[in-house]
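Enquirer: with the input below, show me the fold.
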Amino acid sequence: MYAELHTSILQVNFLAIVEFYGLDKSDLIFQEENDPKHTPQKASKWFKQNNINVLKWHAQPPDLNPIKSVATPQVATNEYKVPPAGVHELLDQVKVEWERISKGVCRNLIRSMPRGVGPAIKGKKGKSKSWQKN
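Expert: Numbers count the residues shown, from 1 in each chain. Okay, here's the model as predicted:
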């Protein structure tokens, strides 16, 4: 069942994001944790069928995810004066906060990947300076 949901998310959401940001699939290298639940055989076939390269990655890599340099919506929702009344209200707040992250910030994070991964490839640990907030 998980493989079905995972590939459905890739097909619908990932491809929509690629289109939204005007990216060329052939220029992308997809990154996800090498956790067995993220790498079902069905997903591997989907990536091959869609000509999308997947980065070989550790199951629990060092902090190399560029999106972590953006204040996460979950943290931003803590700044609301009144806490959410339930999970639906929390989800609404998270959606609002994600919408506040500009397209330009996301594009820059995507483009920063080669710089950010470089130190890890050379064997350095920790968060890449290229993703730290200015």
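Enquirer: all helices of this protein, in order?
Expert: All helices of the chain, identified by DSSP state H, fall at 2-9, 15-20, 41-49, 73-77, 87-99, 103-121.
Enquirer: which of these has the lowest mean pLDDT?
Expert: Note on these: lowest mean pLDDT is at helix 73-77, with a mean of 60.
Enquirer: any chance of CSV for the helices of the chain, columns mean neighbour count?
Expert: In this view, the C-beta of every residue, glycine as well, is placed from N, C-alpha and C. As requested, these are exported to CSV (neighbours: other CB atoms under 10 Å):
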stretch, mean neighbour count
helix 2-9, 13
helix 15-20, 12
helix 41-49, 13
helix 73-77, 15
helix 87-99, 13
helix 103-121, 14
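Enquirer: adding distance to residue 28, write those helices out as TSV.
Expert: Written out in TSV, the entries for the helices of the chain read as follows (distance: least, CB to CB, whole Å):
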stretch	distance to residue 28
helix 2-9	16
helix 15-20	7
helix 41-49	10
helix 73-77	24
helix 87-99	21
helix 103-121	8
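Enquirer: of all these, which one comes closest to residue 56?
Expert: For the helices of the chain, distance to residue 56 was read as CB to CB. The smallest value, 11.0 Å, belongs to helix 103-121.
Enquirer: done for today, thanks.
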